[in-house]
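Chemist: with the input below, show me the fold.
(4 chains)
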Number of protein chains: 2
Amino acid sequence: MSDAREKIIKAAMELFWLKGFNSTSVADLLSRTQLNSGSLYHVFPSKQDVLVGVLETYRDGIHEMLFAPAWAGVDDPIERIFALLAYYRAGIIGTDCTYGCPIGSLALELHEPDPNVRELIAANFNAWTGAIENLLEEAGQRLPKNLDRAALAQFVLTTMEGGVMQARTHRDVAYFDRAVAQLRTHFDLLEQAARKPAKGRA
Amino acid sequence: MSDAREKIIKAAMELFWLKGFNSTSVADLLSRTQLNSGSLYHVFPSKQDVLVGVLETYRDGIHEMLFAPAWAGVDDPIERIFALLAYYRAGIIGTDCTYGCPIGSLALELHEPDPNVRELIAANFNAWTGAIENLLEEAGQRLPKNLDRAALAQFVLTTMEGGVMQARTHRDVAYFDRAVAQLRTHFDLLEQAARKPAKGRA
DNA sequence: ACCGCTTTTGATTGATCGTTCAAACAAAAG
DNA sequence: CTTTTGTTTGAACGATCAATCAAAAGCGGT
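Modeler: Down below sits the predicted model:
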């Protein structure tokens, strides 16, 4: 079986993340994997198919690669949401505020993406927000009954992506922290509103 | 005086927005402006300096290019915030959900940006959030006294960027709308909290 | 008309891009 | 050993990239 495929995917995951898709050349992938071009093109029809493989790997491995480490030792559903954000925070710190979400960066870098690619990026977002939505449902009556859980789950992703973008741009985690703090306030206010009869909209 | 510079900047603003910086070739700029390469390189030392010019133009023109049209006929400070978001919404609709924030896209596309470029992107974000912060201060006692206005202003940008990213990825404005709706809820809850003695954190 | 300076022309450069393919090689089956 | 099938080699291709530069053209001042 071709372990070449795995080597390429692994290298591509890192290089696309570090340099982006367009700025990563096939030559970069070859030198990183110590393969020859023919081997790559024996496994992947084109560079774009490498990207497809990368996105599929992220999508299929989101639990063991992302959620499992982020949620280790955390059981409370709402705290798991903020534990996930804390996990991204660690990524920001660990890269000297250079961190970018691998999916989000691709989402904005690829301006005229292949339909397959765009749908795979969307599928990654769906896997992410879907897991958050489960946590929100698990939170039950702690949140307002009529709250749109899917919308709030998307909002958590919004906060993460927007916070990462600004932290990276300013080279300062504080921008991410402030975004998370605002989201925490939002959750606090929602929990507060769930406790007493709703007065405003929720 | 060189109107070549203006022509190039104008073309680059559109092409960088449509295709991104890396995917826009100097040849693209030349064919769009009907100039020769020598003319471009007479005015700009390199392609990157065109990007610098574009970012400076955005930064210097943010009021007349963005805020003025978005805020026409809207006076209430908080409604101006949502009028600005509605203006982005119009951009999403007008591009068949292909719209990306010109600055945000560059922020994520450029992985190892020149320090000048990165600071210019940061300056654009600062100009944006600074204007929002002014609106929040203008809102006065309608918001909790101890609310961190700068943090909330950044959160508005976070919401816009994250919402635009998701709407574009899913090719569906609803993702942007839901993000804005969550932010509206957040503002409602804050205004509500400002009215009565604060119970939770704010 | 002439000068000095700015601007434009556009062919050309060398580098790098993604991709190809005939040939060599490896491994398993007959 | 022979054949078949799958995999790797790596030089080469044409396209495209950002950037160059000597020569030509424009132009205000005298």
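Chemist: pretty sure residue A:183 contacts residue A:157?
Modeler: No - when contacts are counted by C-beta atoms under 8 Å, residue A:183 is not listed as touching residue A:157 (10.8 Å). Every residue, glycine included, has its C-beta placed from N, CA and C.
Chemist: give me the neighbour count for the residue in chain A positioned nearest to DNA strand D.
Modeler: Proximity to DNA strand D, evaluated over chain A using C-beta to the nearest atom of the strand, is greatest for residue A:38 at 2.0 Å. Residue A:38 has 9 neighbouring residues, counting by other C-beta atoms under 10 Å in any protein chain shown.
Chemist: got a pLDDT number for it?
Modeler: Residue A:38 carries a pLDDT value of 96.
Chemist: which residue ranges of chain A form helices?
Modeler: Assigned by DSSP state H, chain A shows helices spanning A:3-19, A:26-33, A:37-43, A:47-60, A:62, A:68-71, A:77-94, A:102-109, A:115-138, A:149-170, A:174-195.
Chemist: so what touches the first one?
Modeler: Outside of helix A:3-19, the residues within contact range by C-beta atoms under 8 Å, 6 or more residues apart in numbering or on different chains are A:24, A:28-29, A:32-33, A:35, A:39-40, A:42-44, A:50-51, A:53-54, A:57-58, A:100, A:102, A:105-106, B:111-112.
Chemist: show me which of those residues are buried.
Modeler: Using 16 or more other C-beta atoms under 10 Å in any protein chain shown as the burial test, the contacts of helix A:3-19 include A:24, A:28-29, A:32-33, A:35, A:39-40, A:43-44, A:50-51, A:53-54, A:57-58, A:100, A:102, A:105-106, B:111 as buried.
Chemist: low pLDDT regions in chain A?
Modeler: Within chain A, the segments meeting pLDDT under 70 span A:1-2, A:197-202.
Chemist: skipping adjacent residues, who's closest to residue A:123 in space?
Modeler: Using C-beta to C-beta, 6 or more residues apart in numbering or on different chains and skipping the chain neighbours, the partner closest in space to residue A:123 is residue A:59 (5.3 Å).
Chemist: count of neighbours near the one you found?
Modeler: When counting by other C-beta under 10 Å, one arrives at 17 neighbours for residue A:59.
Chemist: so it sits against residue A:130, correct?
Modeler: No - using C-beta under 8 Å as the test, residue A:59 is too far from residue A:130 to be in contact (11.2 Å).
Chemist: count the residues that sit near the residue nearest to residue A:101 when sequence neighbours are not counted.
Modeler: Spatial nearest neighbour of residue A:101, excluding adjacent residues (C-beta to C-beta, 6+ apart): residue A:164 at 5.3 Å. Residues lying near residue A:164 (other C-beta under 10 Å) number 28.
Chemist: and the gap between the closest residue to residue A:71 other than its chain neighbours and residue B:85?
Modeler: Distances taken as C-beta to C-beta, 6+ apart put residue A:80 closest to residue A:71, at 5.1 Å, once the chain neighbours are dropped. Computed with C-beta to C-beta, to the nearest Å, the distance linking residue A:80 and residue B:85 is 29 Å.
Chemist: which residues of chain A lie near DNA strand C?
Modeler: For chain A, the contact set with DNA strand C under C-beta under 7 Å from any atom of the strand comprises A:24, A:25, A:26, A:27, A:28, A:37, A:38, A:41, A:45, A:46, A:47, A:48.
Chemist: are any of those buried, and if so which?
Modeler: A:24, A:28, A:47.
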